[in-house]
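*Asks:* Quick one, fold the following:
(one chain, ligands or ions: 1)
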Amino acid sequence: MKKLVAVLLIMMMLFSLTACAAEPKEDALPTIGVTIYKYDDNFMSFVRRAIQTAAEGKAVLEMNDSQNSQATQNDQVDTMISKGAKALAINLVDPQAAEAIIAKAKVADLPVVFFNKEPEATVLASYDKAWYVGTTSAESGIIQGELVTDMWNANPDWDRNGDGVMSYVLLKGEPGHPDAEARTKYVIETVVANGIEVEELELQTGMWDSVKGKELMDAWISKHGDSIEMVICNNDGMALGAIQSLNASGYFGADKFMPVVGVDAIPDALEEIKAGRMVGTVLNDAKNQGGATLDLALNVALGKDPLDGTSWKFDDNKAVRVPYVGVTIDNIEFAEDAYK
Ligand code: GAL
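*Replies:* Just a heads-up that it's a prediction; the model follows:
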């Protein structure tokens, strides 16, 4: 009997040893240090998820919430370097801080992939082991401007006072952020270039944030009321806040409407488009931006060429730029698929 127990015990030990050997060894995977400027950002939560999904079985991620503080992010970078990260993937808090991060990476001879907040081209060029994954910011403003133009022309009743002028309010993202600056500039330039006369009733920053977007919209409705004919938002987060405010003021009922446009095409915004409370947005492809960030960071962590085995391409500034796509109710399935 004792012998049988001993044999069984040995068999169990052998089995658990082979089971261990079959599991992928985490230590064998390279560690990539990642920072997100703040977890509490609608769009970035989808980029973060895309990076995590792409890393499964390929890399160990040291993921950090920089809580909207560049000082915190700098400390996180120091810690990741001392813990032996093989590459850094950095979503800056302050787009101007790329130089400081590059200085740290240089000392440790570590490659760094910036994503979402674009560093100045000269700063990126100053380190041969630095690259960028993002978009062409201006493109989102131009596409949003084309959407606004087409819909304004197709809906003459949106010109509530019939003066032939589009009176708009604009919720801007973080000042100094390349996306916020370019979207604000190009959306209006495009609408005007398309022959629509415009009047700016308000333009203020809602810092990409729903709550701030709602607060500003509350104030603008009480100040301008029905004089507002178009609500242009640099992102969907702020558009969702504006819609909440408009809803509470009786819009979207039987006889009151307000066109609202955003950028990102996050799932909550797509729901608003389906419900008829938002007229359009611009897909900011979180899945591909997160995927490309991981692809590049993994390659360089393994000492390979950043684009090795991928279909991404660099522009002249060592940047991979994922295209934007305009979204209305007519092609909403396309945007829904992009977030699956
Ligand atoms: C933009 C996005 C915003 C916000 C921002 C953060 O590309 O449209 O919603 O996430 O990045 O840097």
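*Asks:* pLDDT below threshold where in the protein?
*Replies:* Applying pLDDT under 70 to the chain picks out residues 1-27.
*Asks:* Within range of the ligand, give me the residues from it.
*Replies:* Where the chain comes near the ligand, counting by C-beta under 6 Å from any ligand atom, the residues are 41, 43-44, 116-117, 173, 177, 179, 208, 235, 237, 263-264, 284. From N, CA and C alone the C-beta is placed, and that goes for glycine too.
*Asks:* can you rerun that using 8 Å?
*Replies:* 37, 41-44, 47, 91, 116-117, 134-135, 137, 140, 173-174, 177, 179-180, 208, 234-237, 263-264, 266, 284 (C-beta under 8 Å from any ligand atom).
*Asks:* Just to be sure, which of those are found in helices?
*Replies:* 42, 43, 44, 47, 137, 140, 179, 180, 236, 237 (DSSP state H).
*Asks:* Now do the contacts for the third one.
*Replies:* Residue 44 sits next to 36, 37, 38, 91, 116 when contact means C-beta atoms under 8 Å, 6 or more residues apart in numbering.
*Asks:* was I right about the fourth one contacting residue 113?
*Replies:* No. In this structure residue 91 lies outside contact range of residue 113 using C-beta atoms under 8 Å: 10.0 Å.
*Asks:* Between the two, point out the one with more neighbours.
*Replies:* residue 113 (28 against 24; other C-beta atoms under 10 Å).
*Asks:* What backbone torsions are found at the more buried one?
*Replies:* phi -110, psi 110 (degrees, to the nearest 10).
*Asks:* picking that back up, out of the ones in helices among the residues of the chain next to the ligand, which comes closest to the ligand?
*Replies:* Closest approach to the ligand among those (C-beta to the nearest ligand atom): residue 43, at 3.4 Å.
*Asks:* Could you find the closest non-adjacent residue to that closest one?
*Replies:* Closest residue to residue 43 apart from its sequence neighbours, by C-beta to C-beta, 6 or more residues apart in numbering: residue 264 at 4.8 Å.
*Asks:* Identify the bridge partners of the one you found.
*Replies:* residue 283 (DSSP bridges).
*Asks:* separation between it and residue 340?
*Replies:* Residue 264 sits 16 Å away from residue 340, going by C-beta to C-beta, to the nearest Å.
*Asks:* quick one, which of the two is more surrounded?
*Replies:* For the pair residue 264 and residue 340, the greater number of neighbours falls to residue 264 (30 against 6), based on other C-beta under 10 Å.
*Asks:* what's near enough to touch the more buried one?
*Replies:* Per C-beta under 8 Å, 6+ apart, neighbours of residue 264: 42, 43, 235, 236, 237, 281, 282, 283, 284, 286.
*Asks:* in this structure, which spans are strands?
*Replies:* Applying DSSP state E to the chain gives strands spanning 31-36, 60-65, 87-90, 112-115, 130-134, 165-172, 197-205, 230-233, 260-261, 281-283, 319-321, 325-327.
*Asks:* what's the most buried one of the ones you listed?
*Replies:* Ranked by mean neighbour count, the strands of the chain are led by strand 87-90 with a mean of 30 (mean count of other C-beta atoms under 10 Å).
*Asks:* now it, how far from the centre of its chain.
*Replies:* Taking C-alpha atoms, centre = their mean, to the nearest Å, one finds the center of strand 87-90 at 16 Å from the center of the full chain.
*Asks:* Report the strands that pair with that strand, each with its relative direction.
*Replies:* Checking strand 87-90 against DSSP bridges gives partners strand 31-36 (parallel), strand 112-115 (parallel).
*Asks:* which outside residues touch the last one?
*Replies:* It stands for strand 112-115. 47, 87-92, 98, 101-102, 105, 124, 127, 129-134, 289, 293, 296-297, 300, 306.
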